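S.K.: Coordinates only, no sequence provided:
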Ligand code: NAP
């Protein structure tokens, strides 16, 4: 058998996935450990998910993989091994490990990745007012970990009010004492006191996208986190910085969700700095 047939295969499923930078950080980590392993992108068309789970994983002897849009929810039904509490709470999985007996264990590292990045930036949650723009998959992952850390309050705004209300309902089931609400108008988003503003919408990816949060509402005691990492500095981050706010883009979340996935798959500690460098070199050329 040649070397390539012994190569361990990891990857990402989604549709589309061509834009993903994850392979750069994971392949750098495999190389760091001298592993004969590769992370590849599996673009799965909407009717191909079942075949991937029932055939491809076993035929290609895939050891572990990430899951992205639009399969994070649908993939939960295929888990046959350990299912982490965050996967149960969110109904979404972003990291799957194929066990030695073929069972599929599922984890969700998005929210913890966000928290790890906040921790690195010395930003704490307890007692803070959290305003979350967006109530989609990423917002759900962020909200479910933030809710567990006793914030003073969480307010959620989504262009689709029902989505925001639904997220509030889900979180209330787990944290019934939590002060959490879905806001109808952005004015209800004014943060009085130390807070964290999180953009979990794709608004800001395009140069001519509007600023969702009014400039005059930004104060230096508000930490602004934009989940978007490309462009490196969205209009929101530029404006917040100019108003004296501390800010972060989503690169750290992307990095740490990947580091945690790597650790679930390999049992080795992720070479964080090297993985960060691999991402930065590819994204911000
Ligand atoms: P998603 O599931 O599509 O959720 C986005 C949500 O934002 C949707 O509910 C959408 O509503 C809402 N929205 C769109 N425009 C809005 C507006 N003007 N005001 C308020 N809400 C609005 O997407 P996602 O997976 O959560 O991703 C959201 C963003 O986070 C993307 O930019 C993604 O790249 C980024 N992300 C980053 C990381 C990271 O590691 N840094 C990880 C995951 C996601 P409609 O559905 O009605 O449009």
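M.R.: That came in fine, so what should we check first? In this text, all values refer to a predicted model and were calculated from it rather than measured experimentally.

S.K.: Give the buried residues for the helix or strand where residue 29 lies.
M.R.: Assigned by DSSP states H and E, residue 29 belongs to helix 22-32. Buried residues in helix 22-32, counted by 16 or more other CB atoms under 10 Å: 22, 23, 24, 25, 26, 27, 28, 29, 30. Quick note: C-beta positions are derived from backbone N, CA and C, even for glycine.

S.K.: For the helix or strand just after that helix, enumerate the helices and strands it packs against.
M.R.: Later in the chain than helix 22-32, the nearest helix or strand by DSSP H and E is strand 37-43. Judged by 3 or more CB pairs under 8 Å, 6 or more residues apart in numbering; DSSP states H and E, strand 37-43 is in contact with strand 8-14, helix 22-32.

S.K.: outside of stretch 55-71, which residues touch it?
M.R.: With contact meaning CB atoms under 8 Å, 6 or more residues apart in numbering, stretch 55-71 is reached by 8-15, 17, 20, 22, 37, 42, 44, 46, 49, 75, 93-98, 102, 104, 137, 258, 261, 264-265.

S.K.: Around the ligand, pick out the residues from the stretch 151-285 of the chain.
M.R.: Residues of the stretch 151-285 of the chain found near the ligand (CB under 6 Å from any ligand atom) are 157-160, 163, 200-203, 205, 212, 227-229, 250, 253-254, 257.

S.K.: Inside helices: which ones of these?
M.R.: 163, 253, 254, 257 (DSSP state H).

S.K.: Tell me who's in contact with the first one.
M.R.: Under the criterion of CB under 8 Å, 6+ apart, the contact partners of residue 163 comprise 135, 136.

S.K.: Kindly state the pLDDT recorded for it?
M.R.: For residue 163, the pLDDT comes out at 96.

S.K.: The third one too?
M.R.: At residue 254 the predicted local confidence, pLDDT, stands at 98.

S.K.: Now the stretch 101-250 of the chain against the ligand: closest residue?
M.R.: residue 136 (1.8 Å; CB to the nearest ligand atom).

S.K.: and the gap between the most centrally placed residue in the chain and residue 136?
M.R.: Among the residues of the chain, residue 110 comes closest to the average C-alpha position under CA atoms, centre = their mean, at 3.2 Å. Separation of residue 110 from residue 136 (CB to CB, to the nearest Å): 12 Å.

S.K.: what does residue 148 give?
M.R.: Distance, residue 148 to residue 136, by CB to CB: 20 Å.

S.K.: quick one: which of the two has more around it?
M.R.: residue 148 (18 against 15; other CB atoms under 10 Å).

S.K.: For residue 210, see how far away the spatially closest residue to the more buried one that is not a sequence neighbour is.
M.R.: What sits nearest to residue 148 in space, not counting adjacent residues and going by CB to CB, 6 or more residues apart in numbering, is residue 175, at 7.0 Å. Computed as CB to CB, the residue 175 to residue 210 distance reads 32 Å.

S.K.: Show me which of those two is the more surrounded one.
M.R.: Set residue 175 next to residue 210 and count neighbours by other CB under 10 Å: residue 175 wins out with 16 against 9.

S.K.: Hmm, residue 146 and that one touching each other?
M.R.: No: counting by CB atoms under 8 Å, residue 175 stays clear of residue 146, with 10.1 Å between them.

S.K.: how about the closest residue to residue 45 other than its chain neighbours, what does it touch?
M.R.: The shortest distance from residue 45 to any non-neighbouring residue, by CB to CB, 6+ apart, is to residue 15 (6.3 Å). Counting by CB under 8 Å, 6+ apart, residue 15 touches 43, 44, 45, 46, 69, 70, 71.

S.K.: Kindly state the pLDDT recorded for the first one?
M.R.: Per-residue confidence (pLDDT) for residue 43: 97.

S.K.: show me the residues around it that make contact.
M.R.: 14, 15, 16, 17, 18.

S.K.: distance of it from the ligand?
M.R.: From residue 43 across to the ligand, the span is 17 Å (CB to the nearest ligand atom, to the nearest Å).

S.K.: Same check on the third one?
M.R.: With distances taken as CB to the nearest ligand atom, residue 45 is found 19 Å from the ligand.

S.K.: what's around that residue, how many residues?
M.R.: Count around residue 45 with other CB under 10 Å applied: 10.

S.K.: again, but for the last one
M.R.: Using other CB under 10 Å, residue 71 is surrounded by 21 other residues.

S.K.: partners of the host helix or strand of residue 130 in the sheet?
M.R.: Using DSSP H and E, the element containing residue 130 is strand 129-133. Strand pairing for strand 129-133, using DSSP bridges, gives strand 153-157 (parallel), strand 195-199 (parallel).
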